[in-house]
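In: my questions are about this predicted structure, shown below with the sequence.
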Amino acid sequence: MSLTENEIEIYSIDLLVNLGYQKANGFDIVDERRSNSEVILVERLKKAIERLNPELNNDAKEDALKRILRVEHTGLITNNEHIHHLLVDGVDVEYRQGDRIKGDKAWLIDFQNPENNEFLVVNQFTVIESGIPRRPDLILFINGIPLVIIELKNAASEKATVAKAYEQLQTYKNSLMTLFQYNAMLIVSDGMDARVGSVSSDWSRFMRWKSPTKQPQHTPEMTVMFQELLNKKTLIDFIKHFIVFEKDKKSVIKKLAAYHQYYAVNKAIIATKKASAEMGNRRCGVVWHTQGSGKSLSMVFYTGKLVLELDNPTVVILTDRNDLDDQLFATFSNCMQLLRQKPVQAEKRSDLQKLLSVASGGVVFTTIQKFFPETDDGIYPALTTRKNVIVVADEAHRSQYGFNKKIKVKENGQVIETYGMAKYLRDALPNASFIGFTGTPIELTDKSTPAVFGEYIDIYDIEQAVEDEATVRIYYESRLAKLHIKEEEKQGIDTEFEEITEHQEDEEKHHLKSRWAKVEAIVGSPQRLKDIAKDLVEHFETRTAVLDGKAMIVCMSRRICVEIYNEITQLRPDWHSDNDETGIIKVVMTGSASDGADWQKHIRNKSGRRLIADRMKDSENPLKLVIVRDMWLTGFD
């Protein structure tokens, strides 16, 4: 026997009442509204302001009420962001005290004590705007502010799906801007399946919500979402720390943390507090979230909450490549409101020292190479001895090892002692605490991510991501282009070239002298590149004839990137364009003025690489293939 939509609504209300919500029918509280166009329950909000701000005078409280009721802008997302800022950071108010004007904060929600807020679920809440009456199924009010809208459908009807509930919300959104400008999150459900998203989310970004603990088999997704996300403590925490408005030059996108990001960040905060305490071991741990599951945004949520939880620490975001540093810095810069400060990049070592010389605060980006000693004595001076420094290492499986001494013989016969980056980093920041975020951790005897950073805090692997539809399943098809190496050439190839060549490709002089150059020459031999280009073109065209998609070609070196591009565009001249805004194929790589003329057309600044990334992410854009030397290049993680 299936439930009707009305029964699903009653069940939803019962779930919320069991979580401590009050309930009301919209028709029963009609006297609380001056008209059907009014969406805030003003008297309830006024009482909350009184209760939460006893130190403020009446003028300040009245000013706070007016600020939240007043529409400041014309666009929905702009207003939504403005109101979110008032909710989570408090309302700036001014009032006269004696003969002077005093500034203060008025709080609309008590984020420290969830029970000190009023939680109300209302059904049959009619809103009329532009003469059209609309009635969302359920609205959740906190202190009289409509923060959650829930649309329900009947699971028994083939036409009444959760996707149809999403479409219904889009209709409401276009006609009820006054209501939706206050919205924190949108939920759709058919009594079984459930999804949550923001006012700017398309259907693909509406997400399931899972429990951190094992649930009884066949527990409806809706039940789990209500109990785990809409309970008072989690909902208040989520609104405060896990909503971000990511901005670029073209748009503002409101993003909500997925369940795996929410749980991981909160566990990481607890681990960081413990590790950075007076008697802590300074190893916070490792967050292992598979590539494509939002690791960069998880780092933003972590940093945003950490700066409040640890009383304004200095957070050092550490990468091992300039292009990755730029990419992550752009993500953080687009989310400044959540960080409550502007992140900065250390361009050189002196910048890093200056940025770390402050007593507290700051989100500082740097590459690990800046911690390598400039002198042969192997000593890196301490940049700061403060304990309120947290180092967040991105892609913690690379470059973070090497506590043990190694002997290196230079070309002139000089013998010097060297270590890996991990030792020099800790020499520079002896009292800092370290946390790693990675998509591919390593556990080997001499190179172990947990050994360097601590135990795993949270694991979200590829199987979980595919199950949640956070990323697509990867299918491997072997297409080998065999290497034909003469016996005498084999003797010149070091079997450990991976370690030898780490961070060396940009050092051209050393690069040309190394055994890596011989391997690169063989891998990128002209005939082999012709064969690969022909196979790539045929394979891509055959595949896209039946299944639309895009492709990334990852090469061993920048030279191979350029030459494979030349081979492909010889086969398909119409794929080439000198204009970054047109063309089907592009190379994305960094370079310098000393690179040859044939390379210069492929070398772009940050904005140029971002343009290519945006075109590649746009399914409607004709750009279909990119060639990169490294899959972590700007915008393509």
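Out: Received it, and whenever you're ready, just let me know what you need.

In: ok, which stretches of the stretch 201-350 of the chain are strands?
Out: 243-247, 252-256, 283-289, 314-319, 344-345 (DSSP state E, counting those that start in this stretch).

In: so what secondary structure elements neighbour the fourth one?
Out: I take that to be strand 314-319. helix 295-309, helix 322-333, strand 363-367, strand 389-394 (3 or more Cβ pairs under 8 Å, 6 or more residues apart in numbering; DSSP states H and E). From N, CA and C alone the C-beta is placed, and that goes for glycine too.

In: what is the neighbour count of Thr366?
Out: Applying other Cβ atoms under 10 Å, we find 23 residues neighbouring Thr366.

In: hey, what's it bridged with?
Out: For Thr366, the beta-bridge partners under DSSP bridges are Leu318.

In: any idea how far it is from Gln345?
Out: Thr366 sits 7 Å away from Gln345, going by Cβ to Cβ, to the nearest Å.

In: find residues that contact each of those two.
Out: Residues touching both Thr366 and Gln345 (Cβ atoms under 8 Å, 6 or more residues apart in numbering) are Asp325.

In: out of the strands of the stretch 201-350 of the chain, which comes closest to Leu425?
Out: Judged by Cβ to Cβ, the one of the strands of the stretch 201-350 of the chain that comes nearest to Leu425 is strand 314-319, at 7.7 Å.

In: what's next to the closest one, contact-wise?
Out: Contacts of strand 314-319 (Cβ under 8 Å, 6+ apart): 299, 303, 306-307, 325, 328-329, 332, 343, 356, 358, 360-368, 384, 386, 388-395, 425, 429, 432.

In: stretch 89-96 now?
Out: So stretch 89-96 is contacted by 56-57, 59-61, 63-64, 67-68, 101-108, 340 (Cβ under 8 Å, 6+ apart).

In: OK, contacts around Gly285?
Out: 268, 271, 275, 435-436, 450, 453-457.

In: ok, it to Ser360 distance?
Out: In terms of Cβ to Cβ, Gly285 sits 23 Å off from Ser360.

In: quick check: Asp193 touching Met225?
Out: No - the criterion here is Cβ atoms under 8 Å, and Asp193 misses it with Met225 at 9.7 Å.

In: these two: which has the busier surroundings?
Out: Neighbour count, other Cβ under 10 Å: between Asp193 and Met225, Met225 has more, with 24 against 18.

In: picking up where we left off before, which of the contacts of Gly285 scores worst on pLDDT?
Out: Of all these, Pro450 carries the smallest pLDDT score, 69.

In: report the angle between the helix or strand hosting Arg615 and helix 322-333.
Out: Of the helices and strands defined by DSSP states H and E, Arg615 is found in helix 606-617. Going by axes from the mean of the first three to the mean of the last three Cα atoms, to 10 degrees, helix 606-617 is angled at 80 degrees with respect to helix 322-333.

In: returning to that earlier point: out of the contacts of strand 314-319, which are buried?
Out: 299, 303, 306-307, 325, 328-329, 332, 343, 356, 362-368, 384, 386, 388-395, 425, 429, 432 (16 or more other Cβ atoms under 10 Å).

In: tell me which stretches of the stretch 351-500 of the chain form strands.
Out: 363-367, 389-394, 406-409, 415-418, 433-438, 456-460.

In: redo the ones you listed as a markdown table? Include distance to Trp599.
Out: Below are these laid out as a markdown table (distance: least, Cβ to Cβ, whole Å):
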| stretch | distance to Trp599 |
| --- | --- |
| strand 363-367 | 23 |
| strand 389-394 | 28 |
| strand 406-409 | 32 |
| strand 415-418 | 32 |
| strand 433-438 | 31 |
| strand 456-460 | 38 |
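
In: between those strands, which gets nearest to Phe119?
Out: strand 456-460 (28.5 Å).

In: so where's the protein uncertain?
Out: 1-2, 155-156, 249, 323, 375-378, 396-421, 441-451, 474-476, 482-516, 630-637 (pLDDT under 70).

In: circling back to that earlier point, tell me which of the strands of the stretch 201-350 of the chain lies nearest to Ile150.
Out: Using Cβ to Cβ, the nearest of these to Ile150 is strand 252-256, at 14.8 Å.

In: next, the angle from that closest one to strand 243-247.
Out: Using the same axes, to 10 degrees, strand 252-256 lies at 150 degrees relative to strand 243-247.

In: stretch 186-197: how far from the chain's middle?
Out: Taking Cα atoms, centre = their mean, to the nearest Å, one finds stretch 186-197 lying 23 Å from the centre of the chain it belongs to.

In: contacts for that stretch?
Out: 3, 7-8, 11-12, 148-155, 160-162, 165-166, 169, 185, 198-199, 201, 205-209, 220-222, 224-226, 229, 256.

In: okay, and which of the contacts of stretch 89-96 map to helices?
Out: 59-61, 63-64, 67-68 (DSSP state H).

In: who wins on neighbours among those residues?
Out: Ala64 (26 neighbours).

In: so who does that one touch?
Out: 49, 53, 56, 91, 93, 106, 108.

In: how about His73?
Out: 79, 82.

In: separation between it and Leu355?
Out: Taking Cβ to Cβ, one finds His73 at 34 Å from Leu355.

In: check Tyr263 too.
Out: 32 Å.

In: neighbours around Met279, how many?
Out: Neighbours of Met279 (other Cβ under 10 Å): 5.

In: helix, strand or coil for Arg543?
Out: helix (DSSP: H, G, I helix; E, B strand; the rest coil).

In: look up the closest residue to it, ignoring the ones flanking it.
Out: Gly549 (7.0 Å; Cβ to Cβ, 6 or more residues apart in numbering).

In: contacts only, for the closest residue in space to Leu16 that isn't next to it in sequence.
Out: Once flanking residues are discounted, Leu16 sits nearest to Val121: 4.6 Å by Cβ to Cβ, 6+ apart. Residues near Val121 by Cβ under 8 Å, 6+ apart: 12-13, 16-17, 21-24, 138-141.

In: quick one: which of those is most hemmed in?
Out: Neighbour max across the contacts of Val121 (other Cβ under 10 Å) = Phe141, 26 neighbours.

In: so which elements touch the one helix or strand that one maps to?
Out: According to DSSP H and E, Phe141 maps onto strand 138-142. The contact analysis (3+ Cβ pairs under 8 Å, 6+ apart) places strand 138-142 against helix 5-18, strand 119-123, strand 145-152.

In: repeat that for 7 Å
Out: Contact here means 3 or more Cβ pairs under 7 Å, 6 or more residues apart in numbering; DSSP states H and E; on that basis strand 138-142 packs against strand 119-123, strand 145-152.

In: just the residues contacting that strand, thanks.
Out: Contacts with strand 138-142, where a contact means Cβ atoms under 7 Å, 6 or more residues apart in numbering, come from 9, 12, 41, 109, 117-123, 125, 146-150.

In: ok, it: who's next to it in the sheet?
Out: strand 119-123 (antiparallel), strand 145-152 (antiparallel).

In: backbone dihedrals for the closest residue to Pro526 other than its chain neighbours, please?
Out: Closest residue to Pro526 apart from its sequence neighbours, by Cβ to Cβ, 6+ apart: Glu563 at 7.7 Å. Main-chain dihedrals, Glu563, degrees, to the nearest 10: phi -70, psi -30.
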